[in-house]
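In: requesting a structural model of the entry that follows:
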Amino acid sequence: KVDRSFEITKIEMKAKVVIESEDLREKINRALELAAKYCFVGNSMKCPISHETEVVVE
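Out: Okay, here's the model as predicted:
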């Protein structure tokens, strides 16, 4: 708590991505990496941000 308000101390992002083919896994992982790197909101925050992604083939 900071001066009668709240402070975000960390962000944990979890995502599950469902793909149709194992062949897409590398592209999806690269897209997720770039999304995390260039995320406007994530880059604007001062707190630590962790990303946990599950890629499932169905």
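In: and residue 19, how many neighbours does it have?
Out: 14 (other C-beta atoms under 10 Å). Yep, even glycine has a C-beta here, placed from its N, CA and C like the rest.
In: repeat that for the one 10 residues further on.
Out: Using other C-beta under 10 Å as the criterion, residue 29 is surrounded by 13 other residues.
In: does it count as helix, strand or coil?
Out: Three-state call for residue 29 (DSSP: H, G, I helix; E, B strand; the rest coil): helix.
In: and the contacts of stretch 49-58?
Out: Here stretch 49-58 makes contact (C-beta atoms under 8 Å, 6 or more residues apart in numbering) with 10-22, 25, 28-29, 32, 36, 42.
In: quick check: pLDDT value at residue 22.
Out: Predicted confidence (pLDDT) for residue 22: 96.
In: tell me what the closest residue to it other than its chain neighbours is bridged to.
Out: Closest residue in space to residue 22, ignoring its immediate chain neighbours: residue 57 at 5.3 Å, by C-beta to C-beta, 6 or more residues apart in numbering. Judged by DSSP bridges, the bridge partners of residue 57 are residue 19.
In: which stretches of the chain form strands?
Out: Here the chain has its strands, by DSSP state E, at 11-19, 49-57.
In: any idea of the angle the first one forms with strand 49-57?
Out: Computed with axes from the mean of the first three to the mean of the last three C-alpha atoms, to 10 degrees, the direction of strand 11-19 lies at 10 degrees from that of strand 49-57.
In: mind giving me the packing neighbours of strand 11-19?
Out: When contacts are defined as 3 or more C-beta pairs under 8 Å, 6 or more residues apart in numbering; DSSP states H and E, strand 11-19 packs onto helix 25-37, strand 49-57.
In: out of these, which comes closest to residue 3?
Out: Proximity to residue 3, assessed across the helices and strands packed on strand 11-19 by C-beta to C-beta, is greatest for strand 49-57 (23.4 Å).
In: now that closest one: buried residues?
Out: For strand 49-57, the neighbour count (16 or more other C-beta atoms under 10 Å) marks no residue as buried.
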